[in-house]
Every structure is written in C-alpha cells, then in structure tokens.
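Participant: quick check, what structure comes out for this input:
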Amino acid sequence: MAIRVLIVEDEEQIARFVELELKHEGYVTGKAADGRTGLSMAESGEYDIVLLDIMLPELNGLEVLRRLRKTSEIPVILLTARDSVMDKVSGLDLGADDYVTKPFAIEELLARIRVALKKKGGAPKEDGTKLTWNDLTVDPAAYSVTYDGVPVELSKREFDMLALLLTNKNIVLSRDTLLQKVCGYDYVGETNVIDVYIRYLRTKIDERFGVHMIQTIRGVGYVIKDE
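Facilitator: Numbering: from 1, shown residues only. Okay, the predicted model is just below:
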C-alpha cells in the first residue's frame with residue numbers, strides 16, 4: 001500500500017513542487033493551505049506522515065503540532081524558513097520528528113521522510129529497570145525523574161537524552177551520536193541543538209541540586225560517570 005503524505009503549506013508553489021516530487025516517488029499526497037484544515041486532515045488517520053510548515057494562516061505550525069500530539073503520534077517533519085536553534089528546539093520539544101529549513105533540496109526531504117517513517121522516535125527502549133546516579137532516579141517505565149525523592153520535570157527529548165547518557169554511563173557520547181539516537185537524525189549536522197538540551201538538563205538537575213552530573217569532554221561530547 002502506498003504511503004500517504006500530508007503537505008500543510010500555504011505557499012502554493014512550494015506545496016505543488018513537493019507534491020509532484022512525492023508523487024513521482026510513488027507517494028500518495030494530500031494538501032492543506034492553512035493550519036486548521038491541516039490539523040483536521042492530520043487527525044483523520046488517513047495519512048502516514050505530515051510535512052508541516054511553521055508559518056501558516058489561522059493556526060501556526062507549532063500550534064498545529066501541539067494539538068496534534070494530544071491525540072496522535074504520526075511522524076511530523078517541520079518545514080520552516082526559520083533557522084534559529086531555539087525555533088528548532090521548540091518544534092522538537094512539541095513532538096516534531098525532524099525539521100527541514102527552507103530552501104531545501106528535495107533529495108534531503110525525501111531522505112528525512114524515509115528516516116522518520118522508519119524510526120518514529122530514536123531513544124532506545126528500556127526494559128523497565130530504573131537508572132540511577134547519586135540520588136537521581138530515572139524510571140523509564142513511568143517516564144519519571146526524581147532527585148532524592150523530589151520530582152524533576154523534563155520534556156520528552158530531555159528525558160530521552162538523560163536516559164541515554166545513564167544507560168551508557170562512563171561512555172563518552174558524541175554530539176552526533178546523541179543527535180541520531182535522541183532526535184532520530186542519521187547525518188552529521190545541527191549538533192548545537194544537543195548543547196541546548198544539555199544546558200536545560202544542567203539547569204534542571206545540576207544547578208538545582210548542586211551537583212556535577214553531566215561532564216563535557218571538550219571536542220568530543222558528553223558523559224555521566226559513576227560517582
């Protein structure tokens with residue numbers, strides 16, 4: 001059965017270009033030119049993946065994504081002219097599987113679609129065993145984090161990164177590895193996104209509880225070592 005791709009894009013020229021290229025590759029497509037229509041179509045269950053522009057009329061793409069994630073885990077790739085790190089982090093935190101910055105090569109977009117459909121998430125599945133460091137406890141089954149019994153609120157990406165570092169305790173993980181495992185990318189690039197998440201984790205854990213959990217290995221990546 002052909003894979004169905006929903007294109008939510010208000011620039012008709014871009015939407016038409018992507019539509020023609022996807023059809024040439026054997027995909028079935030649908031289009032929406034505003035956020036409300038796109039959200040309704042994405043929630044219909046008729047599509048396998050969504051290509052979602054951020055700057056949309058009626059509802060912007062990030063709000064569409066926020067609402068969609070309440071009911072669906074359909075893969076979403078953001079199409080955006082914005083290229084700041086914080087815009088990308090915001091999209092990822094809301095549940096986007098990937099993002100492509102305009103202008104983009106169609107070959108890159110097709111590759112991202114294949115990866116998103118294959119992975120639908122990147123962090124390794126845990127067997128339910130709790131992960132610990134000092135007084136920190138991470139419970140993958142309950143998706144919870146506590147430090148000395150005090151709850152620590154983390155986003156999904158922050159949780160996945162912390163769990164990955166703890167699962168690989170004493171092993172230095174490069175930014176590229178963290179990017180691939182946590183964000184689902186299979187290529188080198190945009191690793192400054194990882195630095196942003198590490199900063200968030202340090203603010204919520206290291207600074208809050210006066211510890212030095214996540215260590216930077218200059219020029220390589222990050223590691224959590226046994227106490």
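
Participant: for the rest of this, base every contact and every neighbour count on C-alpha atoms.
Facilitator: Fine.

Participant: can you pull the buried residues of the helix or strand of the chain with the lowest mean pLDDT?
Facilitator: Counting by mean pLDDT, DSSP states H and E, the weakest-scoring helix or strand in the chain turns out to be helix 85-93, with a mean of 79. Neighbour counts over helix 85-93 (16 or more other CA atoms under 10 Å) mark 88-89, 91-93 as buried.

Participant: got a list of contacts for stretch 25-36?
Facilitator: 2-12, 15, 19, 22-23, 38, 41, 56-61, 64 (CA atoms under 8 Å, 6 or more residues apart in numbering).

Participant: tell me which element the residue lying closest to Leu94 once chain neighbours are set aside falls in.
Facilitator: Nearest non-adjacent residue to Leu94, counting by CA to CA, 6 or more residues apart in numbering: Arg66, 5.8 Å away. Using DSSP states H and E, the element containing Arg66 is helix 61-68.

Participant: quick one: average pLDDT of the host helix or strand of Met161?
Facilitator: Applying DSSP H and E as the criterion places Met161 in helix 156-167. In this model, helix 156-167 carries a mean pLDDT of 89.

Participant: dump the C-alpha coordinates for that helix into CSV.
Facilitator: This file holds the C-alpha atoms of helix 156-167, laid out as CSV (Å, rounded to 0.1, in the frame of the first residue of the first chain):
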residue,chain,number,x,y,z
LYS,A,156,10.5,14.1,26.2
ARG,A,157,13.8,15.0,24.5
GLU,A,158,15.4,15.9,27.8
PHE,A,159,14.2,12.6,29.3
ASP,A,160,15.4,10.6,26.3
MET,A,161,18.8,12.2,26.4
LEU,A,162,19.3,11.7,30.2
ALA,A,163,18.2,8.1,29.9
LEU,A,164,20.6,7.5,27.0
LEU,A,165,23.5,9.1,28.9
LEU,A,166,22.7,7.0,32.0
THR,A,167,22.3,3.8,30.0
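
Participant: what about the helix or strand just after that helix, average pLDDT?
Facilitator: Downstream of helix 156-167, the next assigned helix or strand under DSSP H and E is strand 173-174. Across strand 173-174, pLDDT averages out at 89.

Participant: so how far is strand 173-174 from its chain's centroid?
Facilitator: Centre-to-centre, strand 173-174 and its host chain are 18 Å apart (CA atoms, centre = their mean, to the nearest Å).

Participant: which residues does it contact?
Facilitator: With CA under 8 Å, 6+ apart, strand 173-174 has contacts from 165, 220-223.

Participant: re earlier: relative to the whole chain's centre, how far out is the least confident helix or strand of the chain?
Facilitator: Going by CA atoms, centre = their mean, where helix 85-93 is centred and where its chain is centred differ by 8 Å.

Participant: same for that helix, what does it pack against?
Facilitator: helix 156-167, helix 192-201 (3 or more CA pairs under 8 Å, 6 or more residues apart in numbering; DSSP states H and E).
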